[in-house]
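>>> Just need the structure, nothing else, for what follows:
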Amino acid sequence: MAEKNRKWNASDLPGLSGRTAVVTGANSGLGLTAADALARAGAHVVLAVRDPERGRAAAARVNGSTEVRRLDLADLSSVREFAAGWDRPLDLLINNAGVMMLPELRTKDGFEMQFGTNHLGHFALTNLLLPYITDRVVTVSSGLHRGGDGVIHFEDVNLRGAYSPTRAYAQSKLANLLFVLELQRRLAEAGSRVRALAAHPGYAATNLQSHTANPLARLGMRLGNRLFAQDDRAGTLPTLYAATQDLPGASYVGPDGLGEMRGAPALVGRSAAASDPAAARRLWTLSEELTGARWPLGVEAA
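Below you'll find the predicted structure:
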């Protein structure tokens, strides 16, 4: 009975010897914890980070086989450079990196920073690496995809004149889920064995919240981190579960506790807006136009 009621954790990861994983944003927080867990299970883990010096310091804390490569998701030339340097099979891509509730900023290419980093950078990276990916793509979203206005602002995804940190973050996390939905549809249509999945960490204490624009919000999040949040190892479990368990494509994994704030990894629901195939296709088309990164598998999904 005790075994039946036992919750899944990182000790349940299968052996990953001989497999290669890329984890974006792996120099700290959930990305570093995921990299360490995958490496401990035997995978060779590439820490894809904006600052290679910080990345090397992080890699020194990882127990297993690693390498560090520069990747700035807020600069599409950096994304293309990273992809151009890839020349071998890639079992697992974890689109983990993200920024949260920033003051209004722009990426190097002129996109709103949260949408540009959290969605467009990962969209381009995934499409450019997809010919090498052999198993799955896991993209980290958030329960806050239900927040903001609950829609993609297709007429102006950069939210000029209508910017708020919360609206922009929620839009970027909704975009993550729509991206996974359309990516899985295209993979299935192309007859690919690769799967696209999404995960969210619940309420996990990381340094992500320390960059929010509002000082009162930062204070509230620090208190929440101390009183209510689970730690980064627990917050990483949904990502690891999505990365290694036999789940259907387009699955969404999060904590199984109250409000999906904490708990063991389980399949969770998403908003109606995040389940809209027409919006997912529209977002894909727009993202191709904005990034120049096109569907690479030779079969153009209808």
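>>> hey, where'd the strands end up in the stretch 51-200 of the chain?
For the stretch 51-200 of the chain, strands defined by DSSP state E, counting those that start in this stretch occupy the ranges 66-70, 90-95, 133-140, 195-199.
>>> angle of the last one against strand 90-95?
For strand 195-199 and strand 90-95, the angle between their directions (axes from the mean of the first three to the mean of the last three CA atoms, to 10 degrees) works out to 30 degrees.
>>> Just the C-alpha atoms of strand 195-199, please, in CSV.
Output of strand 195-199 as CSV, limited to C-alpha atoms (Å, rounded to 0.1, in the frame of the first residue of the first chain):
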residue,chain,number,x,y,z
ARG,A,195,6.5,14.4,-29.2
ALA,A,196,5.8,18.0,-27.9
LEU,A,197,4.8,18.4,-24.3
ALA,A,198,4.3,21.2,-21.8
ALA,A,199,4.9,21.5,-18.1
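>>> what helices or strands is that strand leaning on?
With contacts taken as 3 or more CB pairs under 8 Å, 6 or more residues apart in numbering; DSSP states H and E, strand 195-199 sits against strand 133-140, helix 165-189, helix 232-244, strand 252-255. Placement of C-beta: from N, CA and C, glycine included.
>>> Please convert these to CSV, extending it with mean pLDDT, mean neighbour count and distance to P201.
Formatted as CSV, these follow (pLDDT from 0 to 100; neighbours: other CB atoms under 10 Å; distance: least, CB to CB, whole Å):
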stretch, mean pLDDT, mean neighbour count, distance to P201
strand 133-140, 98, 24, 7
helix 165-189, 98, 24, 12
helix 232-244, 96, 26, 4
strand 252-255, 97, 25, 8
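>>> just so I know, which of those lies nearest L102?
Closest to L102 of these, according to CB to CB: helix 165-189, at 6.0 Å.
>>> okay, the angle between the closest one and strand 133-140?
Going by the same axes, to 10 degrees, helix 165-189 makes 160 degrees with strand 133-140.
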